[in-house]
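In: Next input, structure requested:
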Amino acid sequence: MNQKEDQVWLDNIKNGNPASYTFIVDKYKHMVYTIAMKILSNPDDAQDAAQESFIKAYQQIGSFAGKSKFSTWLYTIAYRTSVSKLKESRIVTVELNEEPDDGYFSDQAASGLEQLELKQQKRQVEAAIQKLPKMEALLITLYYMNEMPVKEIEAITGLGASNIKIQLFRARKKLERDLRPLLDDELKKIN
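Out: Residues are numbered from 1 along each chain as shown. You can find the predicted model right below:
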């Protein structure tokens with residue numbers, strides 16, 4: 001769904017068809033939850049924050065002016081809701097959970113052993129990201145995994161572009177350090 005399709009659903013909602021919001025929720029629920037999880041590090045709290053974010057967005061849908069992409073507006077709400085929830089709880093926990101396999105691995109593309117190796121590598125990368133400070137983990141997720149431009153991340157987090165770039169640089173260096181054994185193993189396989 002692109003921006004124009006989002007606008008069609010938003011117009012339907014504004015014109016009294018609240019059922020259209022289901023399509024918006026389905027499209028963005030994974031990333032809203034991901035943002036909340038990166039900040040809160042607790043699946044239950046992240047789920048609550050994601051639900052709260054969608055409720056807030058629905059209640060404020062009339063204030064969406066279209067000056068930015070809808071996703072940016074929604075992710076900003078999710079980010080602020082999650083940060084607010086974190087400040088309320090002041091409980092910092094780190095939990096590593098497995099996310100569902102979204103078709104990342106193709107049954108025909110790799111043998112069982114290769115699939116196992118890929119899953120292990122994915123877990124190692126996820127674990128390394130989880131070890132990062134919350135903001136760096138969020139920025140890595142938004143920039144690399146969700147392929148958002150820095151300008152959009154600025155709008156979501158309220159951080160300046162230079163601050164985002166510095167934190168991404170630091171996060172990459174930490175990931176490189178933590179994932180060096182994995183990278184070395186892969187290089188050995190190639191040579």
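
In: tell me which residues in the helix or strand bottoming out on mean pLDDT in the chain are buried?
Out: When each helix and strand of the chain is scored by mean pLDDT, DSSP states H and E, helix 112-131 comes last, with a mean of 77. By neighbour count on 16 or more other C-beta atoms under 10 Å, the buried set for helix 112-131 is 115, 125, 128-130. From N, CA and C alone the C-beta is placed, and that goes for glycine too.

In: List every C-alpha atom in that helix, with coordinates, as CSV.
Out: The C-alpha coordinates for helix 112-131 follow below in CSV (Å, rounded to 0.1, in the frame of the first residue of the first chain):
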residue,chain,number,x,y,z
GLY,A,112,17.8,-27.7,6.2
LEU,A,113,21.4,-27.1,7.4
GLU,A,114,21.7,-23.8,5.6
GLN,A,115,18.3,-22.7,7.0
LEU,A,116,19.5,-23.6,10.5
GLU,A,117,22.7,-21.6,9.9
LEU,A,118,20.7,-18.6,8.6
LYS,A,119,18.4,-18.7,11.6
GLN,A,120,21.4,-18.9,14.0
GLN,A,121,22.9,-15.9,12.2
LYS,A,122,19.7,-14.0,12.4
ARG,A,123,19.4,-14.7,16.1
GLN,A,124,23.0,-13.5,16.6
VAL,A,125,22.3,-10.3,14.8
GLU,A,126,19.1,-9.8,16.8
ALA,A,127,20.9,-10.5,20.0
ALA,A,128,23.6,-8.0,19.1
ILE,A,129,21.0,-5.3,18.3
GLN,A,130,19.3,-6.1,21.6
LYS,A,131,22.6,-5.4,23.5
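
In: ok, back up a step: need the max-distance pair from the buried residues of helix 112-131.
Out: Q115 and Q130 (22.2 Å; C-beta to C-beta).

In: For L142, give me its contacts.
Out: L142 makes contact with 35, 75, 148, 152-153, 156, according to C-beta atoms under 8 Å, 6 or more residues apart in numbering.

In: Scan the residues you listed and report the most crowded one.
Out: Within these, most neighbours by other C-beta atoms under 10 Å means I35, with 29 neighbours.
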